[in-house]
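Trainee: okay, here's the prediction I keep looking at, along with the sequence it came from:
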Amino acid sequence: MSDIGDWFRSIPTITRYWFAATVAVPLVGKLGLISPAYFFLWPEAFLYRFQACYLPWVILGFNYIIGGSVINELIGNLVGHLYFFLMFRYPMDLGGRNFLSTPQFLYRWLPSRRGGVSGFGVPPASMRRAADQNGGGGRHNWGQGFRLGDQ
């Protein structure tokens, strides 16, 4: 019996605790000493919740943690923000001209009306009414997202 004890004490500390947990946790659950419900992962008890507008940065951080290419994520974020600014913010909020437009051959191949949904980049009626009530061109809360998990 001391051979097993000597072997257990000879392995590295983290490995020793990991091994002990892989044996003890299922055994405690099987014997009914702790309810198996405590072994389930409840993400809302662990995760740091964020607005949807921060999702690209959260993905960038996660990609950095797992060792992926952060440069590709940064370029993607830059291109996405540039597109959003040139397509929506600059023309609608700042009154500038529209620099980006969809080529006409795409409209011929893929019509913009289908199933009652049409167009792209037009603010919803509620936002148009709010802008008209604010004297037109008022500030829109485009950056106000929703929290993940909310419906």
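Mentor: Received it, and whenever you're ready, just let me know what you need. Numbering: from 1, shown residues only.

Trainee: and the pLDDT for the most centrally placed residue in the chain?
Mentor: In the chain, the residue lying closest to the centroid (CA atoms, centre = their mean) is Leu55, at 3.6 Å. Leu55 carries a pLDDT value of 87.

Trainee: for the one helix or strand it maps to, buried residues please.
Mentor: Using DSSP states H and E, Leu55 sits within helix 55-65. Along helix 55-65, these residues count as buried under the neighbour rule (16 or more other CB atoms under 10 Å): Pro56, Leu60. (Glycine included, C-beta is placed from N, CA and C.)

Trainee: likewise stretch 18-35?
Mentor: For stretch 18-35, using 16+ other CB under 10 Å, no residue counts as buried.

Trainee: can you give me the offset of it from its chain's centre?
Mentor: From the chain centre to the centre of stretch 18-35 is a distance of 34 Å (CA atoms, centre = their mean, to the nearest Å).

Trainee: try stretch 54-61
Mentor: Here stretch 54-61 shows a centroid-to-chain-centroid distance of 6 Å under the convention CA atoms, centre = their mean.

Trainee: count the neighbours of Glu73 for me.
Mentor: Glu73 is flanked by 18 other residues according to other CB atoms under 10 Å.

Trainee: where does the chain have low pLDDT?
Mentor: 1, 43, 45-48, 113-151 (pLDDT under 70).

Trainee: ok, residues contacting the longest helix belonging to the chain?
Mentor: Using DSSP state H, we find that the single longest helix of the chain is helix 13-31. Outside helix 13-31, the residues that touch it by CB atoms under 8 Å, 6 or more residues apart in numbering are Phe8, Arg9, Ile11, Ile34, Pro36, Phe39.
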